[in-house]
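Trainee: Return a 3D structure for these sequence lines:
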Amino acid sequence: MTAGIGIAYIDGPRLRRSLLAAADWVAAGRDELNRLNVFPVPDGDTGTNLCLTLRAVAQALRVLGDAPLPQVTATMAQASVRGARGNSGMMLSQFLLGLDEGFGDLTRASPHDLARAMVRGFERLQASLDEPVEGTILTVVREAAAEATRAEDEPDLQVFMRRLVDQTERALARTPELLAVLKTAGVVDAGAKGFVRFLDGVKRLIEQGHAARGAVDRVVANAAAETDVAPERDFRFRTAAPLETGELLKAHVHTDTPDAVFALAAGWGSVESTKAEDMRAQQRALRVAAKRPVVFVADTACDLPDPLVVEHGIELVPTQLVLQERVYRDRVELTGPEFFERLRAGYDASTSQPTPDAFEHAYRDALRAGEQVVVVALSGRLSGTHAGALAAAHRLDPEGDRITVVDSRSASLGEGLLVLRGAELAAQGWAAADIVRELGRVRDRSGGFFTVDTLDRLLRSGRVGRLAAWLGSRLNIKPILSISVEGTLDPVTRSRGRAGARRRLLEHLDRALAGRPRELRLGIAHADIAAFAEQLAAELVARYAPKACIVAPITPVIAAHAGIGAWGVFYQIEDGTNASPGRYE
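Mentor: Residues are numbered from 1 along each chain as shown. Now for the predicted structure:
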């Protein structure tokens, strides 16, 4: 989808990009939505639930790639049901199911077709609710469908979407007048605001030509932590049960007797899984920890998968990818499959460190969410990212009291594993200073090896010379490289052919792990060779029995230098890190 007047229809690729943009814009407002969440119970997770629901949709669409409209809408609908989290996620999934039904077999849709689909989305949502309540997401979806019908003859989708967003924003502002608990707390409905952000993400993509991302609109008090549950809604458990009844369904019920709900669901069809969350315990925890003691920030070169980023509340700063003279924000405006497709088409690519504004946006969001911020950055010996992270930290926190920047001295999952360990220690209650000291100890005992399938990208980035690249290609030479303790990229050896490179790399890994550490974490990063990476992971898990083994595609900014077919194994030795804070081996 491109910016400008005159976009008259939406097809499969355009809808896919629109949904990815909407998911990102909702994610940018996750913390604010959580703080607004006071209805139906003040459990402070509406933003997270909407974010996770849309992440499931985004992940399915990224794998799908560009496809016809019926395939995109069907993938969207099924992924939203399977990934639906909480009341808000369930309600959004029902709207998306209706949207899929409304589009039917159309391969391209005009504003008139989109209006009809949105009406069907509202009807599906309304019919799914046992107890419809005005002043919630239901209200703004109704207003969106009504405005879409009024605007169905509008020839320009940009104007059409602007009208929808304007109308839903007006409806959102009225939600406190429709629901007393919102008026008492002085907030609008969190789920309704999430839906408005969803539409706004699509509008911004149309107007600006790229996905919108940035800090939340404003800081609000944590109303979820300060609001009591109404007696008539004080059910202890929130249950969810996906089941097959000829079509995929998901039951979502608040109850004091979850076993009875699961037994009832089993009578309707085949239950895939069950879940019961203790809402009272969640509310108590929310009040105790309305603001986290330590929040982590990293750059997108860390290669951590999206579910782990969301689970641990990690703020990601996008590095920049330059492709055919256009600048993209890594993992935001260009996905791995899209990037690899363009590489295969002969596009040239280069990279640049995150902008100062990108760091500052992430730091401001992190400081809203936590008391202390720990930043883990791409190796300072490989990129200017670490220096940029330090400069931005000094501007916002000149005394260094709240933001600490750690040089990972690594890249890809070598950086990502360090971030993940730090986030886990923060969740265990470690202070920021203790975490930073411990990460330094772990970093100095860890490392990684990787290889590339061709030398073309290393040649273009200046990592190898022309003669070496030519000889390597003619002789089928595969270099084996390592990340040193100082954070440099060093040649280790070379081998002929892919099988030889695999054998030699694993030999070096085995020597590095000769002591067979008790607390070992592994990461396998790959450039568009998922089947190979999963097979390798199974082998390494059987050989080393790590506490975790993460498999992730290399982000486009890393792949721009490594090329298609590159892969690497990163290891992190954590022996001794389970001691109490302040005690080190």
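Trainee: Give the residue spans of the protein that score low on pLDDT.
Mentor: 1-6, 39-44, 208-290, 454-477, 577-585 (pLDDT under 70).
Trainee: count of neighbours near Q59?
Mentor: 16 (other CB atoms under 10 Å). (Each C-beta comes from the backbone N, C-alpha and C, glycine too.)
Trainee: is it true that it lies in a strand?
Mentor: No - secondary structure of Q59 (DSSP: H, G, I helix; E, B strand; the rest coil): helix, not part of a strand.
Trainee: Now the phi/psi pair for the nearest residue to it once chain neighbours are set aside, please.
Mentor: Spatial nearest neighbour of Q59, chain neighbours left out: D306 (6.7 Å); criterion: CB to CB, 6 or more residues apart in numbering. Reported as degrees, to the nearest 10, the phi and psi values for D306 are phi -50, psi -40.
Trainee: The one 10 residues further on too?
Mentor: Dihedral angles phi and psi of L316 (degrees, to the nearest 10) take the values phi -110, psi 130.
Trainee: How about it, nearest residue that isn't a chain neighbour?
Mentor: Nearest one to L316, counting by CB to CB, 6+ apart, is T300 at 5.3 Å.
Trainee: List the residues that contact that neighbour.
Mentor: Neighbouring residues of T300 by CB atoms under 8 Å, 6 or more residues apart in numbering: L316, V317, P318, T319, D330, R331, T555, V557.
Trainee: again, but for S80
Mentor: T53, L54, A56, V57, G89, L92, S93, L96, L97.
Trainee: and F339, that's in a strand?
Mentor: No - read with three-state DSSP, F339 is helix and lies in no strand.
Trainee: Would you quantify the distance from it to I558?
Mentor: 11 Å (CB to CB, to the nearest Å).
Trainee: just checking, which of the contacts of S80 belong to helices?
Mentor: T53, L54, A56, V57, G89, L92, S93, L96, L97 (DSSP state H).
Trainee: can I get the residues you listed in TSV with distance to L417?
Mentor: Supplementary listing: the ones in helices among the contacts of S80 in TSV, determined by distance: CB to CB, whole Å:
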residue	distance to L417
T53	27
L54	26
A56	24
V57	27
G89	29
L92	33
S93	33
L96	35
L97	38
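Trainee: Is it possible to mark the buried ones in these?
Mentor: Buried members of the ones in helices among the contacts of S80, scored by 16 or more other CB atoms under 10 Å, are T53, L54, A56, V57, G89, L92, S93, L96, L97.
Trainee: Closest to A377 out of these?
Mentor: L54 (27.6 Å; CB to CB).
Trainee: what sits against the closest one?
Mentor: L19, A22, A23, V26, A27, S80, L92, F198.
Trainee: Dump those residues into CSV; add distance to G186 and secondary structure as well.
Mentor: Below are those laid out as CSV (distance: CB to CB, whole Å; DSSP: H, G, I helix; E, B strand; the rest coil):
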residue, distance to G186, secondary structure
L19, 32, helix
A22, 27, helix
A23, 29, helix
V26, 23, helix
A27, 25, helix
S80, 31, helix
L92, 25, helix
F198, 24, helix
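Trainee: related to what we said a few turns ago, tell me which of the buried ones among the ones in helices among the contacts of S80 is nearest to K547?
Mentor: Checking those against K547 with CB to CB, the nearest one is A56 at 25.8 Å.
Trainee: Any chance you could give me the helix or strand containing I524 in CSV, C-alpha atoms only?
Mentor: Using DSSP states H and E, I524 sits in strand 520-526. Extracted as CSV, the C-alpha positions of strand 520-526 are listed here (Å, rounded to 0.1, in the frame of the first residue of the first chain):
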residue,chain,number,x,y,z
LEU,A,520,23.4,-23.9,29.2
ARG,A,521,21.2,-21.9,26.8
LEU,A,522,21.5,-22.3,23.0
GLY,A,523,20.3,-20.2,20.1
ILE,A,524,20.2,-21.2,16.4
ALA,A,525,19.7,-18.3,13.9
HIS,A,526,19.2,-18.9,10.2
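Trainee: what's that strand in contact with?
Mentor: Residues contacting strand 520-526 (CB under 8 Å, 6+ apart): 303, 412-414, 416-417, 420-421, 448, 450, 513, 532-533, 536-537, 540-541, 544-554, 558, 566-574.
Trainee: Neighbouring strands - and their directions - for it?
Mentor: strand 548-553 (parallel), strand 567-573 (antiparallel) (DSSP bridges).
Trainee: from those strands, which stretch is densest packed?
Mentor: Ranked by mean neighbour count, the strands paired with strand 520-526 are led by strand 567-573 with a mean of 25 (mean count of other CB atoms under 10 Å).
Trainee: what about that one, distance to the chain center?
Mentor: 22 Å (CA atoms, centre = their mean, to the nearest Å).
Trainee: thinking again about what came up before, so which pair among the contacts of L54 is furthest apart in space?
Mentor: Taking CB to CB, no two of the contacts of L54 sit farther apart than A27 and S80, at 15.1 Å.
Trainee: Tell me the secondary structure at the nearest residue to L61 once chain neighbours are set aside.
Mentor: Closest residue in space to L61, ignoring its immediate chain neighbours: R16 at 5.1 Å, by CB to CB, 6+ apart. For R16, the assignment made with three-state DSSP gives helix.
Trainee: what sits against R16?
Mentor: Applying CB under 8 Å, 6+ apart, the residues near R16 are L61, L64, D66, A67, V72.
Trainee: give me every residue that touches the first one.
Mentor: Under the criterion of CB under 8 Å, 6+ apart, the contact list for L61 reads R16, L19, L20, V72, T75, M76, A79.
Trainee: now swap in the second one and tell me
Mentor: For L64, the set of contacting residues under the criterion of CB under 8 Å, 6+ apart consists of R16, Q71, V72, T75.
Trainee: Report the buried residues of the helix or strand H508 falls within.
Mentor: Using DSSP H and E, H508 sits within helix 497-512. Neighbour-count burial for helix 497-512 flags R498, G500, A501, R502, R504, L505, L506, H508, L509, A512 (criterion: 16+ other CB under 10 Å).
Trainee: That one - contacts with which helices or strands?
Mentor: Secondary-structure packing of helix 497-512 (3 or more CB pairs under 8 Å, 6 or more residues apart in numbering; DSSP states H and E): strand 447-451, strand 477-483, strand 489-496, strand 567-573.
Trainee: let's see 6 Å
Mentor: strand 447-451, strand 477-483, strand 489-496 (3 or more CB pairs under 6 Å, 6 or more residues apart in numbering; DSSP states H and E).
Trainee: any idea which of those is most buried?
Mentor: strand 447-451 (a mean of 25).
Trainee: what does the helix or strand where A387 lies contact?
Mentor: In this assignment (DSSP H and E), A387 forms part of helix 385-396. Contacts of helix 385-396 with the rest of the structure, by CB atoms under 6 Å, 6 or more residues apart in numbering, involve 299, 353, 356, 359-360, 363, 375, 377-378, 380, 403, 405, 407.
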